[in-house]
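**Q** Give me a 3D structure for the following:
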Amino acid sequence: IESSPVSSSNGSLVFIGGHNGQLASIKTSTGELCWAFQTSDVIKCTPFAGTSAKHGDILLFGTHAKMLYCLQQSDGKVLWETIVDGNIFSSPFLHQHFTVAATTKGTVYSYDEEGNQKWRSFIGSPIFADLAYVQSNNAVLAASVDGTL
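**A** Residues are numbered from 1 along each chain as shown. This is a model prediction of the structure:
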């Protein structure tokens, strides 16, 4: 496991991805598996747990299979999924009504709550670090391996 665990909105569940390609939901009260979602490849990024205006409590995460997923926290149901141009190491995030994610190809993507791409920006070198939202500029900050910010 390389990703960090993240807690659900109410603290009753913890979510974590693994090298087996599985995102697991674990009950914090008992340590029992609540549900598991199987992908086709390794999950290295820390999942993002947040609340969507349209879907309620959601999870966002990416894989080495160039996939970005949005699941319901309660049962692991896929709300949407999309293919991107590279592996996802950095944690995606939700800001207002938009999901933002970055890839090892150096692309930053934004999607609406239905998984429709709104924009993308090519940085030019791999992005491993987590992204940041800069509210004062209404901008997404990405740091790539070549030092580009």
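**Q** what residues are up against His19?
**A** Each residue near His19 by CB atoms under 8 Å, 6 or more residues apart in numbering is listed here: Ile1, Glu2, Val42, Ile43. Just so you know, the C-beta spots here come from the backbone N, C-alpha and C atoms, and that holds for glycine as well.
**Q** The second one - nearest residue in space that isn't next to it in sequence?
**A** Of all residues not flanking Glu2 in the chain, Lys44 sits nearest, at 4.6 Å (CB to CB, 6 or more residues apart in numbering).
**Q** What is the neighbour count of that neighbour?
**A** By other CB atoms under 10 Å, the residues close to Lys44 number 21.
**Q** next one: the one 3 residues further on
**A** A count of nearby residues for Pro47, using other CB under 10 Å, gives 26.
**Q** Identify the residues contacting Cys70.
**A** Contacts of Cys70 by CB under 8 Å, 6+ apart are Ser52, His55, Ile58, Leu59, Leu60, Val78, Leu79, Trp80, Glu81, Thr99, Gly115.
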